[in-house]
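A.B. asks: Sequence and predicted model, in that order:
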Amino acid sequence: MTNEAQVDGSQGNAPHSSAPQAGAPQDGGPRADAANGASVRSQRVNFAKAAPKAFRALIGFDAAAREGLDPALVELVQIRSSQLNKCAYCLHMHTTDARKAGESEERLHMVAVWEEAAHFFTPKERAALALTEAVTLVAQGGVPDAVYEWAAAHFDEAELAQLLALIFTINTWNRIALATGKVPGTDER
């Protein structure tokens, strides 16, 4: 994260309108600015420095979550969660890590549409991606029994617990990166 305020010049697919969107405050507050396409990133807390004990605990949890899981699967899960959470910082980090580990561009491009591109992924990977989506989007309907059972059919109990822990950690990292204004492409590990 930089120390200077940055203006995010991202260009969405929809044209920006000067009319306020539904649910946006009319007083020009931050939600109104975001709704109107303005995105100003102010200096934010450096979580690692401001809460070092919590940060180190999360590093330990992350390392423990990965134990025993296939590294390629770990990256697929982290990429999918980061896509769903719209965390560009983590998405950039994990696609870069996946490429370095030998993941194909073809598969990386298909992660977002894995259900339609099922032949690119193993049944175990698809079950993990389905569980990742259900847990990441838990507020939209919980974790359906069918999704959990699909994952349980491909992972033994210990692996399933590790997979869940991995999903929990990437969701936490996504929230930290988004809340603290991490800039994509500035991997600060």
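C.D. replies: Cool, the structure landed. Numbering: from 1, shown residues only.
A.B. asks: can we go C-alpha only for contacts and neighbour counts from here?
C.D. replies: Noted.
A.B. asks: Please name the nearest non-neighbouring residue to the residue nearest the centre of the chain.
C.D. replies: Geometric centre of the chain, nearest residue: residue 82, 1.7 Å, by CA atoms, centre = their mean. Residue nearest to residue 82 in three dimensions, not counting chain neighbours: residue 91, with 5.3 Å by CA to CA, 6 or more residues apart in numbering.
A.B. asks: related to what we said a few turns ago, what pLDDT is listed against the residue nearest to the centre of the chain?
C.D. replies: With respect to pLDDT, residue 82 scores 98.
A.B. asks: Just the element for it, please.
C.D. replies: helix 71-84 (DSSP states H and E).
A.B. asks: cool, residue 63 as well?
C.D. replies: helix 52-66.
A.B. asks: List the buried residues in that helix.
C.D. replies: 62, 65, 66 (16 or more other CA atoms under 10 Å).
A.B. asks: Show me the helices in the protein, by range?
C.D. replies: 30-35, 47-50, 52-66, 71-84, 88-100, 105-110, 123-136, 145-154, 157-179 (DSSP state H).
A.B. asks: Give me the residue ranges of this protein where confidence is low.
C.D. replies: Residue ranges of the chain with pLDDT under 70: 1-42, 188-189.
A.B. asks: can we see that at 80?
C.D. replies: 1-43, 187-189 (pLDDT under 80).
A.B. asks: List the contacts of stretch 143-163.
C.D. replies: 64-69, 123-124, 127-128, 130-131, 134-135 (CA atoms under 8 Å, 6 or more residues apart in numbering).
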